[in-house]
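Peer 1: this one's structure only:
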């Protein structure tokens, strides 16, 4: 009877601890060239075990509730994610307002050196969280969506010391193809076959990657258009595709696991 009572108490204690576990949202702020940036660190605190860290750059709407929800889903118990502000804390396009989003990304697409500088600072900020978060700073990568895909590809082109970058329906163009020879990260880019915005640059992108010394893969997903991971998007050229999203996330996890393990 006493043993049964002890087992019940242990089960109750275990369930209480599980109930207390939560997805941590912690602000991470820095100032670069006079601009203040406000990003969010996310991780599941159910375990204190160290795990890989990801710089995650959302689509051109930047940090909002939708981006946070996506970061939570990807982080799970597997990663610590820095959901990255690329615009500055005072620039927050309203979801669905394409004009505001276009105005936000224009300075960065117009100055790719600035984009590379900002994403590298974000990587440094993620590394700095190792002292206060369950982050394994020896296993770092970056992922990005749409505009964010462009940003993480530019992180790779800068020669940043990350294990991998993964771009989802991101822009493939660059201001300097010769930067590919500096890439150290394993590069995975996934784009929809019917993405009229990014696929015209596909051949140039592959020629660029052929100059790189790294393992890279360019995956074209049939019948998918732009935005295939963006839940709620449903226009002819920008549409969520559950099949394509599920497949691309599986490819991402496999790519990251292999990169962190140092295996093919």
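Peer 2: On my side now, so go ahead. A quick note: this is a predicted structure, and the numbers were derived from the prediction, not measured.

Peer 1: for stretch 27-40, how far is the first residue from the last?
Peer 2: End-to-end distance for stretch 27-40, by Cα to Cα, to the nearest Å: 5 Å.

Peer 1: Mind listing what's buried along it?
Peer 2: By neighbour count on 16 or more other Cβ atoms under 10 Å, the buried set for stretch 27-40 is 28, 37, 39-40. No exception for glycine: its C-beta is placed from N, CA and C like everyone else's.

Peer 1: Max pairwise distance over those residues: which two?
Peer 2: Spatial extent of the buried residues of stretch 27-40 (Cβ to Cβ) is set by the pair 37 and 40 at 11.0 Å.

Peer 1: Which is the succeeding secondary structure element to the helix or strand of the chain with the lowest mean pLDDT?
Peer 2: Least confident helix or strand, the chain: helix 2-20 with a mean of 46, by mean pLDDT, DSSP states H and E. Using DSSP states H and E, the helix or strand that follows helix 2-20 in sequence is strand 23-32.

Peer 1: What pairs with that following strand, parallel or antiparallel?
Peer 2: strand 35-44 (antiparallel) (DSSP bridges).

Peer 1: Start from the N-terminal end of the stretch 1-150 of the chain and give the helices.
Peer 2: Using DSSP state H, counting those that start in this stretch, the helices assigned to the stretch 1-150 of the chain run over residues 2-20, 65-75, 98-110, 112-127, 147-157.

Peer 1: Let me have these in TSV, adding distance to residue 232 and mean neighbour count as columns.
Peer 2: TSV is the format used below for the helices of the stretch 1-150 of the chain (distance: least, Cβ to Cβ, whole Å; neighbours: other Cβ atoms under 10 Å):
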stretch	distance to residue 232	mean neighbour count
helix 2-20	30	9
helix 65-75	7	17
helix 98-110	14	15
helix 112-127	26	20
helix 147-157	17	28
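
Peer 1: what does stretch 93-103 rub up against?
Peer 2: With contacts defined as Cβ atoms under 8 Å, 6 or more residues apart in numbering, stretch 93-103 is touched by 59-62, 64, 66, 104.

Peer 1: Can you select the buried ones from these in PyMOL?
Peer 2: A single PyMOL command selects the buried members of the contacts of stretch 93-103 (16+ other Cβ under 10 Å):
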select buried, resi 59+60+61+62+104
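
Peer 1: Looking at the contacts of stretch 93-103, which are in strands?
Peer 2: Counting by DSSP state E, no part of those is found in strands.

Peer 1: Low-confidence regions, this structure specifically.
Peer 2: Applying pLDDT under 70 to the chain flags the ranges 1-21.

Peer 1: Swap in 90 and give it another go.
Peer 2: 1-22, 263-264 (pLDDT under 90).

Peer 1: which residue ranges form the helices in the stretch 151-264 of the chain?
Peer 2: Using DSSP H, counting those that start in this stretch, helices in the stretch 151-264 of the chain cover 202-210, 242-261.
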